[in-house]
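J.: structure for this input, please:
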Amino acid sequence: MEYRVLKYFLTVAREENITRAADILHISQPALSRQLMQLEEELGIQLFKRGRHSTSLTAEGMLLRRRAQEIIDLTEKTEREFRSGSETIGGIISIGSGEANTMRTLAEIMRSFCELYPDVKFDIYSNDADHVKERLEHGSLDIGVMLGPTDISKYDSIPLPGKERWGAVVPGRCQLAEKEYITREDLVGKRVFLSKRVVSQGVVDWFGEYFDKLDVYATYNLLYNAAMLVDCGIGAALCIEGAASLYKNPNLVFKPFYPELAVSSVLVWKSHQPMSRAMAEFIGFLKDRLLTETELNNS
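T.: Residues are numbered from 1 along each chain as shown. Now for the predicted structure:
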């Protein structure tokens with residue numbers, strides 16, 4: 001599979017129309033069709049369902065779209081690292097993170113680092129820990145920020161200061177919004193939206209026998225759309241406080257769990273993997289800053 005052909009494939013997959021994709025790519029429609037047919041012959045599968053006015057992906061095509069995007073991202077990332085040269089420290093560092101207050105700590109460090117190395121840029125990817133790990137594994141992310149507890153045995157890591165409290169985002173006009181905190185019993189029979197990380201982060205254990213009494217209306221990976229459901233008065237979203245604080249909506253209120261349930265964050269990167277100069281400098285800078293901050297907090 002050629003890099004060029006994969007880019008052709010991704011353009012057609014996005015546009016769902018070969019003629020429109022050919023115009024974007026500045027090649028003829030017959031030439032583009034021929035390249036796609038040769039790709040299908042090479043792989044021995046049908047990638048597209050071709051209609052009169054549109055072109056959609058088969059199940060195999062959807063899988064290739066995902067893998068092709070990973071290949072393109074990694075190739076372009078590698079090219080940028082080598083183009084940055086050896087005279088100055090530059091390039092792009094890719095960081096994956098969920099929605100959490102600990103990202104604010106990292107943001108402050110990134111700002112200070114860029115004052116020293118203005119040619120270094122960052123690419124931020126937002127998703128849950130499973131997707132961040134997947135991208136770390138195939139190399140399109142350099143660093144991941146994960147909420148514990150999670151298995152980080154394959155990674156080098158630095159713990160991040162502070163903790164994230166679990167609780168619920170509720171409509172500001174409901175009775176739960178008037179409480180100081182939320183107990184297990186408060187949510188029994190209530191319609192709730194659950195993050196897909198509730199098992200690994202101890203939420204199910206925290207509820208114990210009450211968990212089966214929840215009315216689980218929906219699951220989500222990032223809070224934004226779930227918060228929309230809360231704003232419409234459909235139910236309450238269980239989440240960490242840092243994610244809720246990102247949405248300044250007067251109709252939404254975060255209430256922490258009682259007894260408290262809190263998790264910590266860790267910054268990870270793949271062990272025994274060659275680093276770009278920018279990445280190596282940034283990791284060293286992170287260690288120095290976080291170690292200094294830990295010493296100050298303990299003094």
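J.: please give the element, helix or strand, for Leu238.
T.: According to DSSP states H and E, Leu238 maps onto strand 236-240.
J.: which parts of that strand are buried?
T.: Buried residues in strand 236-240, counted by 16 or more other Cβ atoms under 10 Å: 236-240. For every residue, glycine as well, the C-beta is placed using N, CA and C.
J.: could you say what helices and strands it packs with?
T.: Helices and strands touching strand 236-240, by 3 or more Cβ pairs under 8 Å, 6 or more residues apart in numbering; DSSP states H and E, are strand 155-171, strand 191-195, helix 223-231.
J.: just want the angle from that strand to strand 191-195.
T.: For strand 236-240 against strand 191-195, the angle by axes from the mean of the first three to the mean of the last three Cα atoms, to 10 degrees is 30 degrees.
J.: ok, and what's touching strand 236-240?
T.: With contact meaning Cβ atoms under 8 Å, 6 or more residues apart in numbering, strand 236-240 is reached by 99-100, 147, 164-171, 176, 187, 190-195, 198, 203, 220, 223, 226-227, 229-230, 254, 263.
J.: repeat the analysis, applying 6 Å as the threshold.
T.: With contacts defined as Cβ atoms under 6 Å, 6 or more residues apart in numbering, strand 236-240 is touched by 164, 166, 168-170, 192-194, 223, 226, 230.
J.: re the thing from before, Leu63 is nearest to which of the helices and strands packed on strand 236-240?
T.: With Cβ to Cβ as the criterion, Leu63 lies closest to helix 223-231 of the helices and strands packed on strand 236-240, at 25.2 Å.
J.: between the closest one and strand 236-240, how many degrees?
T.: Going by the same axes, to 10 degrees, helix 223-231 makes 150 degrees with strand 236-240.
J.: can you give me the buried ones in helix 223-231?
T.: For helix 223-231, by 16+ other Cβ under 10 Å, it's 223, 226-227, 229-231.
J.: now do stretch 175-191
T.: Neighbour-count burial for stretch 175-191, counted by 16+ other Cβ under 10 Å, picks out 176-177, 182, 184, 186-187, 190.
J.: how near is the residue nearest the centre of the chain to Ile143?
T.: Computing the C-alpha centroid of the chain and ranking residues by Cα atoms, centre = their mean puts Asn127 first, at 1.9 Å. Look at Asn127 and Ile143: by Cβ to Cβ, to the nearest Å, they are 14 Å apart.
J.: strands of this protein, residue ranges please.
T.: Here the chain has its strands, by DSSP state E, at 48-50, 55-57, 91-97, 120-126, 143-147, 155-171, 191-195, 215-220, 236-240, 252-256, 262-270.
J.: can you put those strands in a markdown table and add mean pLDDT and distance to Val12?
T.: Listed next are the strands of the chain as a markdown table, based on pLDDT from 0 to 100; distance: least, Cβ to Cβ, whole Å:
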| stretch | mean pLDDT | distance to Val12 |
| --- | --- | --- |
| strand 48-50 | 87 | 7 |
| strand 55-57 | 87 | 6 |
| strand 91-97 | 91 | 26 |
| strand 120-126 | 91 | 25 |
| strand 143-147 | 90 | 32 |
| strand 155-171 | 91 | 37 |
| strand 191-195 | 92 | 35 |
| strand 215-220 | 92 | 31 |
| strand 236-240 | 93 | 38 |
| strand 252-256 | 94 | 41 |
| strand 262-270 | 91 | 33 |
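J.: ok so, going back, for Arg34, find the nearest of the helices and strands packed on strand 236-240.
T.: Nearest to Arg34, of all those, is helix 223-231, at 41.0 Å by Cβ to Cβ.
J.: by contact count, what packs against that closest one?
T.: In this structure, helix 223-231 makes packing contacts with strand 236-240, judged by 3 or more Cβ pairs under 6 Å, 6 or more residues apart in numbering; DSSP states H and E.
J.: can you point out the buried residues in stretch 114-129?
T.: Result for stretch 114-129 [16+ other Cβ under 10 Å]: buried residues 117, 120, 122, 127-129.
J.: any idea which of those is closest to Phe282?
T.: Ranked by distance to Phe282 (Cβ to Cβ), the buried residues of stretch 114-129 are led by Val120 at 7.1 Å.
J.: contact partners for the closest residue to that closest one other than its chain neighbours?
T.: Once flanking residues are discounted, Val120 sits nearest to Ala278: 4.8 Å by Cβ to Cβ, 6 or more residues apart in numbering. By Cβ under 6 Å, 6+ apart, the contact set of Ala278 is 89, 91, 93, 120.
J.: so where's the stretch 51-200 of the chain shaky on pLDDT?
T.: The model of the stretch 51-200 of the chain has pLDDT under 70 over residues 80-88.
J.: which residues touch Ser271?
T.: By Cβ under 6 Å, 6+ apart, the residues touching Ser271 are 155-156.
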